[in-house]
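Enquirer: Below is the sequence, then the predicted model.
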Amino acid sequence: MRLFRDLQAKASAVLLIYTGGTIGMKERSGEEGLVPFDFGGIADEVPELRKFACRIDSFTFDPLIDSSDVEPALWQQLARLIKERYDAYDGFVILHGTDTMAYSASALSFMLDGLRKPVIFTGSQLPIDRPRTDGKENLISSVEIATAKDDEGRALVPEVCIFFDSKLLRGNRSTKVNATGFDAFASPNYPALATAGINIKYNNRSIHYGSEKGRGLKIETSLDTRVSILKVHPGITEQVVRDILLGSQTRAVIIETYGSGNAISKDWFLDIIRESSASGKILINVTQCLSGDVNMNLYATGRALKNAGVVSGYDCTTEAALGKLFYLMGTCNDNEQVKLLMERNLKGEISK
């Protein structure tokens, strides 16, 4: 009896956190439309979970949040919940709608400092009770990865990640690339951390393990959201650029440029960039391309942006740049210091 209790005490535990999204929905009998089901009975929906030698608990947000309505307040709630339950669980699986999942995973990667346990976002393109749902496989593999440990009892993937369509991706390297296919997410500039086939193969060289001398999990929930995004495009007008770059309520602007960091070379555009930079605003250059990085030394238009005060985002995704800015600006009032930190690799978000 004592041996049984000891084994039970050592069993892994994972917390499922349902924020909303397709994966937690099912058809109501006799009625049209989808309704959320009770995650307290998740093993009835996905009986395969009973085969894991771990305890699976659940927490459901009330009210549920549609992915399109996600706000930074949700990230703050998630960070506090993980901090509150951190010692009780070996890993966390966050069930989330796909539309803003990459934004949420990116933001959490910066807000959770000293993380030594997996925090895995997943979801589905089809409700979990549909015959061809991708939700069951995504959930089962996420739970397995969330509780996976090495021979010394350390988590195999102590990062904020996204698991989708057999691939585990670093959260702040991910972006949604497919609106209707099961392969909804990609990480164009960084390899997958694990791949699920017959077995789950971990890419240990690409996983960030952090320092073993950490003081435990610390969270940062102070976020400054005064960020705008300017996507450069042919025919963009001077007034649009002026409104975004010189907006009185904007502290930082992410500029999505062409190719390796190029933009309009017209005088009016560069004049507005200089005026915005001179006013103290933080201007970050990220590429519109799915893969590759910003190199503002490569072409004259890129050099012009650099000389005007624009900071390189290197191969950072827009989602990661946004989360990083929210985090840095929430903790630092000095814009010049924020600019310096934006060019540094803090949580594996850039290849630098």
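Expert: Nice, thanks for sending it over. Residues are numbered from 1 along each chain as shown.
Enquirer: Buried ones in stretch 239-251, by neighbour count?
Expert: Residues of stretch 239-251 classed as buried: 241-242, 244-245, 250-251 (neighbour count, 16 or more other C-beta atoms under 10 Å). Any C-beta I mention is one placed from the backbone N, CA and C, and that applies to glycine too.
Enquirer: Low-confidence stretches in this structure?
Expert: 1-10, 27-34, 37-41, 43, 211-215 (pLDDT under 70).
Enquirer: Walking through it, point out its helices one by one.
Expert: Assigned helices in the chain, in chain order: 2-10, 42-45, 72-85, 101-111, 135-146, 238-245, 267-278, 300-307, 318-331, 335-342 (criterion: DSSP state H).
Enquirer: For the third one, C-alpha coordinates in CSV please.
Expert: Backbone C-alpha positions of helix 72-85 (Å, rounded to 0.1, in the frame of the first residue of the first chain) are rendered in CSV as follows:
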residue,chain,number,x,y,z
PRO,A,72,-3.4,41.2,-23.3
ALA,A,73,-5.6,40.8,-20.2
LEU,A,74,-5.9,37.1,-21.1
TRP,A,75,-2.1,36.8,-21.1
GLN,A,76,-1.9,38.4,-17.7
GLN,A,77,-4.5,35.9,-16.4
LEU,A,78,-2.6,33.0,-17.9
ALA,A,79,0.7,34.1,-16.4
ARG,A,80,-0.9,34.5,-12.9
LEU,A,81,-2.6,31.1,-13.2
ILE,A,82,0.5,29.3,-14.2
LYS,A,83,2.5,31.0,-11.4
GLU,A,84,-0.2,30.1,-8.9
ARG,A,85,-0.3,26.4,-9.9
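Enquirer: Buried residues in it, which are they?
Expert: 72, 74-76, 78-79, 81-83.
Enquirer: Out of those, which is nearest to residue 111?
Expert: When the buried residues of helix 72-85 are ranked by distance to residue 111 (C-beta to C-beta), residue 79 comes first, at 4.7 Å.
Enquirer: Return the most buried member of the helices of the chain.
Expert: Mean neighbour count (mean count of other C-beta atoms under 10 Å) peaks for helix 101-111 among the helices of the chain, with a mean of 28.
Enquirer: Centre of the chain to that helix, how far?
Expert: 3 Å (C-alpha atoms, centre = their mean, to the nearest Å).
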